[in-house]
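J.: Sharing a sequence plus its predicted fold:
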Amino acid sequence: MNKYDVIVLGSGPAGLTAAIYTSRAELKTLILAGNEPGGQLTTTTDVENFPGFPEGIMGPELMTKMIEQGKRFGGELKNQSADSIEVINDKEFKVKSGDEVFEAKSIIIATGATAQWLGLDSEQKMRGKGVSACATCDGAFFKDKKVIVVGGGDAAMEEANYLTKFASEVIVLVRKKKEDLKASKIMQERAMNNPKVTFVFSSELGAVLGENVVNGVKIINNETKEESEIEVHGVFVAIGHKPNTEFLQGVVVLEKEYIAVTDNTKTSQAGIFAAGDVADYRYRQAVTAAGLGCMAALDVEKYLAE
Ligand code: NDP
């Protein structure tokens with residue numbers, strides 16, 4: 001049986017930052033990197049808002065560097081996922097991964113969240129070429145351009161407002177009728193009162209148009225089935241995120257599928273800490289995830305010393 005001081009689940013900015021800190025603190029660290037090592041940033045292009053890279057850096061390159069740094073101080077990294085966690089007591093845990101079982105005195109869960117996509121072929125083909133699921137990450141690429149946001153929740157309203165800092169015009173495409181809009185009243189009003197934002201209700205995205213860059217979208221009216229085309233240069237899909245917490249049922253308390261945390265990184269189970277998007281629907285940034293990873297590592301260090 002392999003025994004560790006801490007097992008970090010996930011290898012996005014939260015998990016890798018946690019591993020840098022725990023291994024530098026000479027805690028025997030295992031990173032179960034998951035099936036997509038590097039996390040969500042490996043599927044993006046330019047990252048311009050991560051400090052230290054004034055010219056920007058490509059997402060996959062940033063994550064390759066973080067993975068190297070995560071291993072530099074002795075952190076062991078395996079490209080496999082955790083299937084389940086067994087709590088023996090507050091300082092003894094078993095993590096199952098396939099046929100293997102790893103033992104640890106503490107765990108940091110940093111398994112992230114997955115942006116939901118519509119599932120259209122054209123949407124997937126144009127990801128990184130004008131289709132994005134993160135306005136804070138990619139909004140600045142659309143200065144004086146017309147963009148469309150798909151979704152009717154708080155995130156769609158927030159993204160639409162945020163995008164008006166750059167875009168000349170923002171259209172919000174909602175599949176439901178106006179009276180059934182899901183977003184909270186205050187968020188709806190903010191978007192509706194923004195002169196750069198217009199809404200198209202009862203309509204869905206049929207296709208993203210363009211070859212190497214987005215130059216429009218086809219939309220379909222749900223009620224009349226009428227199809228039309230709108231010229232836009234950016235498509236922001238804001239239809240929710242799914243935190244990767246399925247394997248945690250009964251281990252820690254979840255809230256709307258996210259890990260519930262108190263005191264920044266503590267979960268309901270002593271000895272298990274959480275960091276990054278898996279416990280944070282609000283900020284969802286690489287730099288905040290990294291910060292939370294650092295905090296979880298320091299909390300683990302203190303916990304094990306107690
Ligand atoms: P939500 O689940 O709240 O909303 C998702 C939206 O996307 C809904 O309008 C839904 O439509 C729509 N949608 C889902 N699937 C499709 C599809 N296939 N095609 C078209 N539309 C689709 O997710 P959010 O990310 O908006 O918010 C998640 C949580 O985070 C919420 O609790 C929210 O309140 C919170 N949040 C809070 C913020 C704040 O307070 N500042 C900012 C951002 C998020 P339908 O209504 O038809 O189901």
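T.: Received it, and whenever you're ready, just let me know what you need. The structure presented is a predicted model; accordingly, all values stated were derived computationally and were not measured.

J.: Can you give the domain ranges for the chain?
T.: Each structural domain of the chain that the record assigns through automatic domain parsing is listed here as a residue range: 2-114+241-305, 117-237.

J.: dump the residue contacts of Ser106.
T.: Under the criterion of Cβ atoms under 8 Å, 6 or more residues apart in numbering, the contact list for Ser106 reads Asp5, Val6, Ile7, Lys91, Phe93, Gly271, Ile272, Phe273, Val300, Tyr303, Leu304. No exception for glycine: its C-beta is placed from N, CA and C like everyone else's.

J.: So what touches the helix or strand encompassing Val235?
T.: Element membership of Val235 [criterion: DSSP states H and E] is strand 234-237. Strand 234-237 is touched from outside by 115-118, 123, 126, 130-135, 138-139, 141-142, 145-151, 159, 163, 167, 205, 208, 214, 217, with contacts defined as Cβ under 8 Å, 6+ apart.

J.: Please convert the buried members of the residues you listed into ChimeraX selection syntax.
T.: Only the buried entries of the contacts of strand 234-237 go into this ChimeraX selection, using 16 or more other Cβ atoms under 10 Å:
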select :115,118,123,126,130,131,132,133,134,135,138,139,141,142,145,146,147,148,149,150,151,159,163,167,205,208,214,217
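
J.: Just the ones of the contacts of strand 234-237 in helices?
T.: When the contacts of strand 234-237 are checked against helices using DSSP state H, the ones located there are Glu123, Ala135, Asp138, Glu159, Leu163.

J.: Could you check the pLDDT of the closest residue to the third one other than its chain neighbours?
T.: Here the nearest residue to Asp138 in space, its sequence neighbours aside, is Ser132; by Cβ to Cβ, 6 or more residues apart in numbering that works out to 4.1 Å. pLDDT for Ser132: 94.

J.: my guess is Ser132 meets Val147, correct?
T.: No - Ser132 sits out of contact with Val147 when judged by Cβ atoms under 8 Å, with a separation of 9.4 Å.

J.: The most centrally placed residue in the chain and Glu26, how far apart?
T.: When Cα atoms, centre = their mean is applied to the chain, the residue found nearest the centroid is Ala113 (4.5 Å). In this structure, Ala113 and Glu26 are separated by 31 Å, where distance is defined by Cβ to Cβ, to the nearest Å.

J.: residue ranges of the helices in this structure, please?
T.: According to DSSP H, the chain carries its helices in the segments 13-24, 59-72, 121-125, 135-138, 154-163, 185-192, 286-305.

J.: what is the rounded mean pLDDT of the second one?
T.: Read it as helix 59-72. For helix 59-72, the mean pLDDT works out to 95.

J.: Kindly report the same for the fourth one.
T.: Averaging the model's pLDDT scores along helix 135-138 yields 88.
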